[in-house]
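Enquirer: got a sequence here, can you build the structure:
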Amino acid sequence: MRRLLTGYVLGFNRRHNRYGHLFQNRYKSFICQEDIYLKELVRYIHLNPLRAKVVSSLSDLNAYKYSGHPALAVGNKNSWQDAGYVLSYFGDSVRSARKKYLAYVENGMNQGRRPELVGGGLVRSLGGWREFKKGKGRPSRQKGDQRILGESEFVSDILAGAAEKFERSYELKQRGYDLESIANKVCRIFAIESEQLYQGSRQPAVADARGLFCYWAVKELGYTATHLAEKLNRTVAGVVYAIRRGEKLANSGILSF
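Expert: Numbering: from 1, shown residues only. Take a look at the predicted model:
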């Protein structure tokens, strides 16, 4: 996201002969506990243009092309958006779900900004930090993390999973695993030379090997796509694509680390 936004800002500034920042804050994301927060987040995000007075009414919002809202509200098609998944939370039929979704969005128009949905951790589920500090929340200790939106058990599970991943990558590195050893392992599996892994060949066997190499490097050793892009002399987008290819191979059950 940083690369994307930086590239956009540089291009925008050149076109409009301007300098400096374009966006108010840096991009951020957090994990969401779906069954509790997904509908709330979708509504809150899609009402942003209305709160910012970029559009003046719900009907204008329904036609606002720089949002995912029209795909849910009136059926506009976006190749990148799975509208059906969100609508399934509102009803079994598309027509009924759209009607209920629109009513749900309309009911949230007067809620204003909601800090509990844009940062803070677990206590959002108790009505936000303000309500929690008033003592209206549960008195027991709550597990919270700025990057996770969910209840205590959900937050704990996510953090425990992250800790397990870190401990495994640390253990593997302690045992001598690194990019070279993963590359050697992958090359043996696919019967290719190590040099082929770092070349731009699109042969199926080489592409599969490169994908598995990238996936294991990220999943097992914690390397970033940016780091792998530098090693492989490829774009970050190319590495992300390779990771997805490798994930399918790894999840097929035929190959294991």
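
Enquirer: state the distance from residue 196 to residue 89.
Expert: For residue 196, the distance to residue 89 equals 46 Å [C-beta to C-beta, to the nearest Å]. All C-beta atoms are positioned from the backbone trio N, CA, C, and that covers glycine.

Enquirer: where does the stretch 1-150 of the chain dip in pLDDT?
Expert: For the stretch 1-150 of the chain, residues meeting the criterion pLDDT under 70 lie at 28-29, 32-36, 113-150.

Enquirer: same thing but 50
Expert: Scanning the stretch 1-150 of the chain for pLDDT under 50 picks out the ranges 119-133, 136-143.

Enquirer: please, where are all the helices along it?
Expert: Along the stretch 1-150 of the chain, counting by DSSP state H, counting those that start in this stretch, helices occupy 2-16, 34-46, 48-51, 58-62, 69-73, 83-87, 94-107, 129-133.

Enquirer: list the buried residues for the third one?
Expert: Within helix 48-51, the residues scored as buried using 16 or more other C-beta atoms under 10 Å are 49-50.

Enquirer: just the second one next, same as before
Expert: By neighbour count on 16+ other C-beta under 10 Å, the buried set for helix 34-46 is 37, 39-44, 46.

Enquirer: who are the contact partners of the closest residue to residue 49 other than its chain neighbours?
Expert: Counting by C-beta to C-beta, 6 or more residues apart in numbering, residue 55 is the residue found nearest to residue 49 once chain neighbours are left out, at 4.9 Å. Applying C-beta atoms under 8 Å, 6 or more residues apart in numbering, one finds that residue 55 lies in contact with 49, 61, 64.

Enquirer: for the helix or strand in which residue 246 is found, C-alpha coordinates in CSV please.
Expert: Assessed by DSSP states H and E, residue 246 sits inside helix 236-251. C-alpha atoms of helix 236-251 as CSV (Å, rounded to 0.1, in the frame of the first residue of the first chain):
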residue,chain,number,x,y,z
VAL,A,236,6.4,-7.0,-5.4
ALA,A,237,3.2,-7.8,-7.3
GLY,A,238,5.0,-10.6,-9.1
VAL,A,239,6.1,-12.1,-5.8
VAL,A,240,2.6,-11.8,-4.4
TYR,A,241,1.3,-13.7,-7.4
ALA,A,242,4.0,-16.3,-6.9
ILE,A,243,3.1,-16.7,-3.2
ARG,A,244,-0.5,-17.4,-4.1
ARG,A,245,0.6,-20.0,-6.6
GLY,A,246,2.8,-21.6,-4.0
GLU,A,247,0.1,-21.6,-1.4
LYS,A,248,-2.2,-23.6,-3.7
LEU,A,249,0.6,-26.2,-4.1
ALA,A,250,1.3,-26.3,-0.4
ASN,A,251,-2.4,-26.7,0.5
